[in-house]
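Colleague: could you look at this predicted model? Sequence included:
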Amino acid sequence: MAQQRELFASRLGFILMTAGCAIGLGNVWRFPYIVGQYGGGLFVLLYFFFLAILGFPVLLMELSLGRAGRSTYPGAFRNLQNPETRFRWSGFAYVLFAGNLILLMFYAPVTGWLLAYAVDFVRGVFNGMTPAECGAYFGSFLENPWKQIGYTVFVTVLTIVICMGGVRKTIEKSIKYMMIGLFFLLILLVVRSLSLPNAGEGINFFLDPSPEHFIRNGLLETVHAAMAQAFFTLSLGIGSIAICGSYIGRDRSLPQEGVWITVLDTSMAICSGLIVFPACAAFNIDPGQGPALIFVTLPNVFQSMPFGAFWGCLFFLFLSIAALSTLIAVFENLAAFGIDELKWERKKSCSVFGGALLILSMPCILGFNLWKSFQPLGEGTNVLDLEDFIVSDNLLPLGALYLTVFCMNRYGWGAKNFYGELNTGIGWKFPWIVRHYLRWGLPLVILTIWAIGMLKKTGLLDKLTGLLGA
């Protein structure tokens, strides 16, 4: 029998925390530059399509698993599996759950980077800098381990303190305030960006489904990029969303709640594009520059605007809040693991995992300076690339595949049990006929994403693309 569990005080608290977990760097950092690299509007349409057929169903599975299992990932698998099955589904779930800690090992430092840039804009650091000087500044920032450590400690300690107060007392309230502040900043930045000269050109690139760039990048790679973004934007596969489901009641159906979460997550990504692309068009900047777009190019764009320090600070504060909301939601997963599996008190669990996170964040930071000779995935790579590869390219897709098989297989939880939990409560019901796609089609799509990702890492995808003439 599932143990008594603390629940959210309100439906809004659940939706905002789950959306806060999903809304992170994948939306506000990765989405704009991925869209820029793969050609704008047509890529966005592909993203919407795959979000509906791929991301949304897995989101519902994680929420259902959490609500029915009333535990973290391993415990939920253990509580829900067919008792007649000898295979222990919770075994691999422990491996997948470790992805939460690995994710935070680089998420905490990057959140620190964003906060540091917000402070630097207040200090006027970027005033008068050329693009080359902005790039040199980011390089010098990464070369300084102490500044990174300071900001990482700050955001980690803040996360620990918030999670120590519990779900209702501090986590739910903090996430509510952060999300409200996030959307307020978002509106200000969108309005400002749309008011820039030539902003229409950026909007046209972002929303016009022209096939030109799509064809240039190759069919196979572009479709895979859209599939991967739709999947990774919701942070699915390692139980980050399931923990939110474990804190809600059964009065409302999960498909209806899932729609709200997906809409909020997608709206954030779209609005991020409405900030970045008009700004790039106004200052004749290539939006497909990759990760450097945020830390190298946009600081130069903001400092070129009237009151640039103000707008630059707001932009990086916006990014910081989005990242911090994810940091808190995922860290709560670790805290709950200590409570559920190890029977610790909440303060002890937060302290132990918080201390571990501070120590384990150091390799990511040192990988840019003292340990930069360590290039685990080839020339030019670092510790962050390795950690991201483990989580994003492996644990997330394999975790989603494992979850899908568990939910739809009678030797796991079973389709009838999954649907029973999914559709319990007031609201829209997920159609039973879709079970055939969930059982056979969805696992195949997820497996394809993982396989193509591996081919890209090994360089075999380019050879395959050449053979197919894409």
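Modeller: Done, it's in.
Colleague: how about the helices in the stretch 301-450 of the chain?
Modeller: Along the stretch 301-450 of the chain, the stretches classed as helices by DSSP state H, counting those that start in this stretch are 308-340, 346-360, 362-366, 383-388, 396-408, 415-422, 435-436, 442-458.
Colleague: now these in TSV, with distance to residue 278 and mean neighbour count?
Modeller: Just so you know, the C-beta spots here come from the backbone N, C-alpha and C atoms, and that holds for glycine as well. Converted to TSV, these look like this (distance: least, Cβ to Cβ, whole Å; neighbours: other Cβ atoms under 10 Å):
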stretch	distance to residue 278	mean neighbour count
helix 308-340	13	24
helix 346-360	37	17
helix 362-366	32	21
helix 383-388	29	20
helix 396-408	31	24
helix 415-422	40	19
helix 435-436	43	14
helix 442-458	31	17
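Colleague: what is the helix or strand containing residue 35 packed up against?
Modeller: Using DSSP states H and E, residue 35 sits within helix 31-37. For helix 31-37, the packing partners by 3 or more Cβ pairs under 8 Å, 6 or more residues apart in numbering; DSSP states H and E come out as helix 41-50, helix 219-232, helix 254-282.
Colleague: quick one on the thing from earlier: let's have the helices of the stretch 301-450 of the chain in a markdown table, adding mean pLDDT and distance to residue 241.
Modeller: Below are the helices of the stretch 301-450 of the chain laid out as a markdown table (pLDDT from 0 to 100; distance: least, Cβ to Cβ, whole Å):
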| stretch | mean pLDDT | distance to residue 241 |
| --- | --- | --- |
| helix 308-340 | 91 | 9 |
| helix 346-360 | 97 | 19 |
| helix 362-366 | 97 | 24 |
| helix 383-388 | 93 | 19 |
| helix 396-408 | 95 | 10 |
| helix 415-422 | 97 | 14 |
| helix 435-436 | 95 | 21 |
| helix 442-458 | 87 | 15 |
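Colleague: out of these, which is closest to residue 230?
Modeller: helix 442-458 (9.5 Å; Cβ to Cβ).
Colleague: for residue 49, give its distance to residue 428.
Modeller: 20 Å (Cβ to Cβ, to the nearest Å).
Colleague: brain fart, residue 172
Modeller: Counting by Cβ to Cβ - residue 172 and residue 428 are separated by 24 Å.
Colleague: okay, the two: which has more neighbours?
Modeller: Between residue 172 and residue 428, residue 172 has the larger neighbour count (other Cβ atoms under 10 Å), namely 23 against 14.
Colleague: now the strand or helix carrying that one, how far from the chain's geometric center?
Modeller: Per DSSP H and E, residue 172 falls inside helix 172-194. Between the centre of helix 172-194 and the centre of its chain there are 17 Å (Cα atoms, centre = their mean, to the nearest Å).
Colleague: buried ones in it?
Modeller: 172, 174-176, 178-179, 182-183, 185-186, 188-190, 192-193 (16 or more other Cβ atoms under 10 Å).
Colleague: so what pLDDT did the residue lying farthest from the centre of the chain get?
Modeller: Relative to the centre of the chain, the most outlying C-alpha is that of residue 84, 36.0 Å out, by Cα atoms, centre = their mean. Confidence at residue 84, expressed as pLDDT, is 91.
Colleague: so it, which state does it fall into?
Modeller: Assigned with DSSP: H, G, I helix; E, B strand; the rest coil, residue 84 falls in the coil class.
Colleague: and it, how far is that from residue 410?
Modeller: The value you get for residue 84 to residue 410, if Cβ to Cβ is used, is 10 Å.
Colleague: same question for residue 390.
Modeller: 32 Å.
Colleague: just residue 8 next, same as before
Modeller: 32 Å.
Colleague: then residue 228?
Modeller: Taking Cβ to Cβ, one finds residue 228 at 30 Å from residue 410.
Colleague: neighbour count: the two, which is higher?
Modeller: Using other Cβ under 10 Å, the more surrounded residue of residue 228 and residue 410 is residue 228, with 23 against 12.
Colleague: thought the more buried one was touching residue 456?
Modeller: No. In this structure residue 228 lies outside contact range of residue 456 using Cβ atoms under 8 Å: 9.8 Å.
Colleague: and the helix holding residue 35, how far out from the chain's middle?
Modeller: Per Cα atoms, centre = their mean, the centroid offset for helix 31-37 relative to its chain is 15 Å.
Colleague: same thing with stretch 442-462?
Modeller: Worked out by Cα atoms, centre = their mean, stretch 442-462 lies 20 Å from the chain centre.
Colleague: what's in contact with it?
Modeller: By Cβ atoms under 8 Å, 6 or more residues apart in numbering, the surrounding residues in contact with stretch 442-462 are 53-54, 57-58, 220-221, 224, 227-228, 231, 377, 389, 393-394, 397-398, 400-401, 404-405, 464.
Colleague: kindly export it (C-alpha atoms) in PDB.
Modeller: Extracted as PDB, the C-alpha positions of stretch 442-462 are listed here (Å, rounded to 0.1, in the frame of the first residue of the first chain):
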ATOM      1  CA  LEU A 442       6.100   5.200 -29.700                       C
ATOM      2  CA  PRO A 443       8.900   2.800 -28.600                       C
ATOM      3  CA  LEU A 444      10.000   2.600 -32.200                       C
ATOM      4  CA  VAL A 445      10.200   6.400 -32.500                       C
ATOM      5  CA  ILE A 446      12.100   6.800 -29.200                       C
ATOM      6  CA  LEU A 447      14.500   4.000 -30.300                       C
ATOM      7  CA  THR A 448      15.100   5.800 -33.600                       C
ATOM      8  CA  ILE A 449      16.000   9.000 -31.800                       C
ATOM      9  CA  TRP A 450      18.500   7.300 -29.600                       C
ATOM     10  CA  ALA A 451      20.000   5.300 -32.600                       C
ATOM     11  CA  ILE A 452      20.400   8.400 -34.800                       C
ATOM     12  CA  GLY A 453      22.000  10.300 -31.900                       C
ATOM     13  CA  MET A 454      24.600   7.500 -31.500                       C
ATOM     14  CA  LEU A 455      25.200   7.600 -35.300                       C
ATOM     15  CA  LYS A 456      25.800  11.300 -35.100                       C
ATOM     16  CA  LYS A 457      28.300  10.900 -32.300                       C
ATOM     17  CA  THR A 458      30.300   8.300 -34.200                       C
ATOM     18  CA  GLY A 459      30.200  10.200 -37.500                       C
ATOM     19  CA  LEU A 460      28.300   7.400 -39.200                       C
ATOM     20  CA  LEU A 461      25.200   9.600 -39.700                       C
ATOM     21  CA  ASP A 462      27.000  11.700 -42.300                       C
END
